[in-house]
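> Sequence plus the predicted model coming up.
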Amino acid sequence: MRDTPLSNCERLFLLKAIEEKKRLDGRQTYDYRNIKITFGTDYGCCIVELGKTRVLCQVSCELVPPKDSRPTEGIMFFNLELSPMASPAFEPNRQSELLVLLNRQLERCLRNSKCIDTESLCVVSGEKVWQIRVDVHVLNHDGNLMDAASIAAISALSHFRRPDVAIQGQDVTVFSPEERDPIPLSIYHMPICVSFAFFLQGSYLLVDPCEREERVKDGLLVIAMNKHQEICSIQSSGGIMLLKDQVLRCSKIASVKVSEISELINKALENDRKIRKEGGKFGFAESMPKERITTLKRDKAPVEMTDVEETANDIVNRTETTTEVVPSPVLVATGTAQVGEGIVNSWGLDEDEEDEPLTEDRKTDEVMIISDSEEEEVVILNEEAQKSKKKK
Amino acid sequence: MKSARALCRCVQIRCVSMAVEMRLPALHKHVSITPSQSHRDDKHLVVPGDVITSDTGFMRGHGTYMDEERLTASVAGQVERVNKLICVKPLKTRYNGEVGDVVVGRITEVQQKRWKVETNSRLDSVLLLSSVNLPGGELRRRSTQDELAMRDYLQEGDLISAEVQSIFSDGALSLHTRSLKYGKLGQGVLVLVSPSLVKRQKTHFHNLPCGASVILGNNGYVWLYPTPEQQDEEAGGYYTSMEPVSRADREVISRLRNCLLALAAHKVLLYDTSVLYCYEASLPQQIKDILKPEVMEEIILETRQRLVEHEG
């Protein structure tokens, strides 16, 4: 199904905003969205959230015979899939241009940069090697799939543990995770892609474009770099002419961003490792925030109690005896609900009131007038209940 | 007590730079008008998978399928029966075109001798070069020059109003703008609603007395625009005025837009009378307040009452 086309008004609005150095979500030109990396219970499973873009990566391994041209090296297999869950524009089993582009860039970033030591994946030379398979699934498309996919892939690879093997002559024993701890892959460096979108014939650039910005872009420049400031790959698409100093500037920005993101990945890996060692709960279920409205939650407010008795006696003496005693609690004015403590509404529409502490309000308030409703009578509790409330 | 008065469950907190409105949770009171009670009994509403009938004497129409000798619904909607034919009219669907419908669409592609128009249907509709009016209103065979000048008339992203001329065998619609009232649309506001909410009427172009005009496209695209002063169209659907629209006109159009969204949210059938009544009911409110749920409910209630009185 094709995506609804962007209207002219929206396109002009976006371009005009970019000209004035403004972005839809209020970011600066070189700002990334919030990156959140979570790991699953299995080793090698990772979800990366770049703003609203969500990408899942799963790493798995298998023993296979090696390629004839390279009998002593393991095999890396990359696969990126655009699921229809991500966007109505993605159709299942449809080889679109975007898919091919993303796949090739991911391969170029991770395979050609030789970030994984493939020689260490060899078990029996010429016969059995490990094939590491990296599957990236796009769960939600809100722009900049390439960056999210590369972060997810390298995080999952760093998180992954392969089973331990022992070779005795011709026998190869693969130990299960219960018998022997699985060992991590040997990763030399972490290449991360940073995308730059160009607008209005290359005059304006934005880092980490969101989906709307991607629709109006003229061209894209993707730089894959690691934190040691080594460029692993550069790709420019869209057919725009870029000046030399523009590319150099982008590479400088990329090095800053890559070092930040690498730190984030290392921190996430460290957290996960710590939690697993301590035996705490880990996995996707734990990392989801529990979204509950706590209706019974009440904030504690301090109440000044030094002269409570005198004030209470004062007030009690001043009141008239009530004719009826109703067991039910005070009826607040129609329309007010309980927020926080309830009953006494200390919000005021005057400016000073916001700073007034709750305690003063309580003291100066007369017990009778709780709501300024226009009802004839306000039913209140009996005095004992009031006093006990004050003592609280 | 201080002046902290809570008005109909709405509290205003003045923050540092702007006023924030908060609505506290409250129980919703559902008010329904009694005349519609009898209506509700007549409607046979189904969801996908519901068995409509086990009688094999009926022919199955759109939105149904045979599941082990039982006629089952495949979409969520209302069952319609015409003699022996049973079909289900869905509530939410893509636009299914009929010959003679007025649609508002957006040009997505410019191809050889035709334009592809997006009309919220399953396939993009087609507007052939031979189905548009040439400038000056002349009738002649389209030459290669006309083909090359196609982009000067309609480009990608332009909005047009057109009529469905015929339906291709695969279900794609063929449109035409052969009348002076159809053509490229200029300044205005587009509102997207579900196609099932637009009532089929004799005319879909209305000049509302409140000061704006509306085109209720059958495909769910509703176009609001300021009423043009002079009605003579020598240009024939080509000329789109780019003069600035006055503030009063813009306010009317904004109010109408919010009213349309309110009507669509409450699934009220859209036609000129209902839109007008809703506009009049919303006049005491501020334009931006119309989108608040409780205000929306009030306005729609009033509109429904007036419509029921109007109908008899």
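All right, it came through fine.

> What residues does the stretch 51-200 of chain B have near chain A?
Contact residues (Cβ under 8 Å from any Cβ of the partner chain) of the stretch 51-200 of chain B with chain A: B:106, B:108, B:118, B:124, B:156-158, B:190. Backbone N, C-alpha and C define where each C-beta goes, glycine included.

> I'd like to know which of those residues are part of strands.
B:106, B:108, B:118, B:190 (DSSP state E).

> most neighbours, which of the residues you listed?
B:Arg106 (23 neighbours; other Cβ atoms under 10 Å in any protein chain shown).

> do you know how far it is from B:His310?
34 Å (Cβ to Cβ, to the nearest Å).

> Ok, A:Glu178 next?
77 Å.

> higher neighbour count, the two?
B:His310 (10 against 6).

> is it true that that one lies in a strand?
No. Counting by DSSP: H, G, I helix; E, B strand; the rest coil, B:His310 falls outside a strand, being helix.

> what's near enough to touch it?
B:273, B:277 (Cβ atoms under 8 Å, 6 or more residues apart in numbering or on different chains).

> ok now stretch A:26-40, how far from the chain's centre?
Distance of stretch A:26-40 from its chain centroid, counting by Cα atoms, centre = their mean, to the nearest Å, is 7 Å.

> What's the first helix or strand after the one helix or strand A:Glu270 maps to?
Taking DSSP states H and E as the definition, A:Glu270 sits inside helix A:244-278. Counting by DSSP H and E, the next helix or strand C-terminal to helix A:244-278 is helix A:284-287.

> could you dump that next one to PDB, C-alpha only?
This file holds the C-alpha atoms of helix A:284-287, laid out as PDB (Å, rounded to 0.1, in the frame of the first residue of the first chain):
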ATOM      1  CA  PHE A 284      12.900  -6.800  27.500                       C
ATOM      2  CA  ALA A 285      10.000  -7.100  30.000                       C
ATOM      3  CA  GLU A 286      12.000  -5.400  32.700                       C
ATOM      4  CA  SER A 287      13.000  -2.500  30.500                       C
END
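
> List the contacts of it.
Contacts of helix A:284-287 (Cβ under 8 Å, 6+ apart): A:38, A:40-41, A:47.

> Just give the nearest non-adjacent residue to whatever residue of the stretch 101-250 of chain B ends up closest to chain A, would you?
Per Cβ to the nearest Cβ, the residue of the stretch 101-250 of chain B with the smallest distance to chain A is B:Gly157, at 4.3 Å. Spatial nearest neighbour of B:Gly157, chain neighbours left out: A:Asn8 (4.3 Å); criterion: Cβ to Cβ, 6 or more residues apart in numbering or on different chains.

> quick one: buried residues of stretch B:97-117?
Of all the residues in stretch B:97-117, those buried under the rule 16 or more other Cβ atoms under 10 Å in any protein chain shown are B:97, B:101-108, B:114-117.

> Then stretch A:185-204?
A:185, A:189-199, A:202, A:204.

> what sits against B:Ala248?
B:Gly211.

> what number of residues lie near A:Arg161?
16.

> Wait, it touches A:Phe175, no?
No. Using Cβ atoms under 8 Å, A:Arg161 is not in contact with A:Phe175, being 11.7 Å away.
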